[in-house]
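*Asks:* next input, structure requested:
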Amino acid sequence: MKKDPKTKALYGQELLDFITQKLQDYGTILYKGGIADNSFKHIARRISIQRWKQRRNDK
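*Replies:* Predicted structure coming up:
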């Protein structure tokens, strides 16, 4: 797994794979009537930040 040595946070494809898996997990839980919180907003924000960083680095 790729982790930032300073922050210990995932980045790159590993982060996207992790987020994809979490979305699938949350989708399953929501379908069963489980959680109702801001998890989707948090995940969407992380995806947005990751894509912004990738676009910035591509220039």
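
*Asks:* in the helix or strand containing K53, what's buried?
*Replies:* Per DSSP states H and E: K53 is located in helix 39-58. By neighbour count with 16 or more other CB atoms under 10 Å, helix 39-58 contains the buried residues 43, 46, 50. Placement of C-beta: from N, CA and C, glycine included.

*Asks:* hang on, the first one packs against K22?
*Replies:* Right, I43. Yes: between I43 and K22 there is a contact under CB atoms under 8 Å: 6.2 Å.

*Asks:* give me the below-cutoff pLDDT ranges for the protein.
*Replies:* Low-confidence segments of the chain (pLDDT under 70): 1, 29-38, 59.

*Asks:* pick out the residue closest to the middle of it.
*Replies:* With distances taken as CA atoms, centre = their mean, the chain has I19 as the residue nearest its mean C-alpha position (3.4 Å).

*Asks:* so when I look at it, I'm seeing a helix, right?
*Replies:* Yes: assigned with DSSP: H, G, I helix; E, B strand; the rest coil, I19 falls within a helix.

*Asks:* need the contact list for the nearest residue to it once chain neighbours are set aside.
*Replies:* Spatial nearest neighbour of I19, chain neighbours left out: I43 (5.5 Å); criterion: CB to CB, 6 or more residues apart in numbering. Residues near I43 by CB atoms under 8 Å, 6 or more residues apart in numbering: 19, 22-23, 26.

*Asks:* how far off centre is the helix holding K53?
*Replies:* Helix 39-58 sits 8 Å away from the centroid of its parent chain (CA atoms, centre = their mean, to the nearest Å).

*Asks:* cool, and stretch 43-59?
*Replies:* With CA atoms, centre = their mean, you get 11 Å for stretch 43-59.
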